[in-house]
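Model the structure of this input:
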Amino acid sequence: MNSFNDSSLHPLNLSALHLAESPSMQHLAKTPEEMDKTTLSHLDWSYLHSLSDADPDFERTLIELFLQDCQEQLAQLKEAIAQTNIKETERIAHYIKGASANIGAQYIQHYAQQIEHQVRHTQFTCFDTEISRLEISLSIVQEIFANSHQHSDIAEASD
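The predicted model follows:
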């Protein structure tokens, strides 16, 4: 995207990147039980490339902002769950689901959707499994990003 504006990518504005027709967003219409995890990706690079017009700097910025924001939101989600705050738990899970869908982090999207679905259906139970899976998925996305960042730095240095 040539008209890139850093201020439009503030972590709180990631949801503004919502693209309803995107392949990454198609899973949102399904309940967690209906989702086929074999088709999910920790980071859907083809979606991210199409979103960014294959601009690696824009992709790097998006992922960096997402990772930072998701860490903060995950901490708030844990706090809301600990306080049995149903409304806040649902809101944060929904936010994480949307932000992760916006960059193609499909597993994070899936696990956040599971929490949101359970809360909406008054199943405020123990979310340890979902939180653990969210954390693992977030770590994997961080590792994927770090590895891709290293490779692009090596390629730039050799140019």
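
So for stretch 132-141, what gets flagged as buried?
Buried positions in stretch 132-141, judged by neighbour count with 16 or more other C-beta atoms under 10 Å: Arg133, Leu134, Ser137, Leu138, Val141. No exception for glycine: its C-beta is placed from N, CA and C like everyone else's.

What distance do you get for Val119 to Glu90?
4 Å (C-beta to C-beta, to the nearest Å).

Apologies, that question was intended for Ser52.
The value you get for Ser52 to Glu90, if C-beta to C-beta is used, is 30 Å.

closest to Leu65 among the buried residues of stretch 132-141?
Val141 (12.6 Å; C-beta to C-beta).

ok, the closest one - contacts?
His42, Leu43, Ile63, Phe66, Leu67, Ala105, Ile108 (C-beta atoms under 8 Å, 6 or more residues apart in numbering).

could you say what helices and strands the one helix or strand Tyr107 maps to packs with?
Tyr107 belongs to helix 106-120 when elements are defined using DSSP states H and E. Applying 3 or more C-beta pairs under 8 Å, 6 or more residues apart in numbering; DSSP states H and E, we find helix 106-120 packed against helix 86-103, helix 128-158.

show me where pLDDT drops low in this structure?
For the chain, residues meeting the criterion pLDDT under 70 lie at 1-39, 149-159.

list the contacts for Arg133?
So Arg133 contacts Tyr107, Tyr111 (C-beta under 8 Å, 6+ apart).

what about it, distance to Phe58?
In terms of C-beta to C-beta, Arg133 sits 28 Å off from Phe58.

ok, now Ile81?
From Ile81 to Phe58 the distance is 34 Å (C-beta to C-beta).

Looking at those two, which is more packed in?
Ile81 (23 against 17; other C-beta atoms under 10 Å).

Grab the nearest non-local neighbour of Gln113.
Once flanking residues are discounted, Gln113 sits nearest to Lys97: 4.9 Å by C-beta to C-beta, 6 or more residues apart in numbering.

Run a quick neighbour tally on that neighbour.
Neighbour tally, Lys97, other C-beta under 10 Å: 24.

State the distance from it to Gln106.
Lys97 is 11 Å from Gln106, by C-beta to C-beta.

hang on, Glu135 packs against Leu74?
Yes - using C-beta atoms under 8 Å, Glu135 is in contact with Leu74, at 6.9 Å.

got the buried residues of stretch 132-141 as CSV, with distance to Asn147 columns?
As requested, these are exported to CSV (distance: C-beta to C-beta, whole Å):
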residue, distance to Asn147
Arg133, 21
Leu134, 20
Ser137, 16
Leu138, 15
Val141, 11
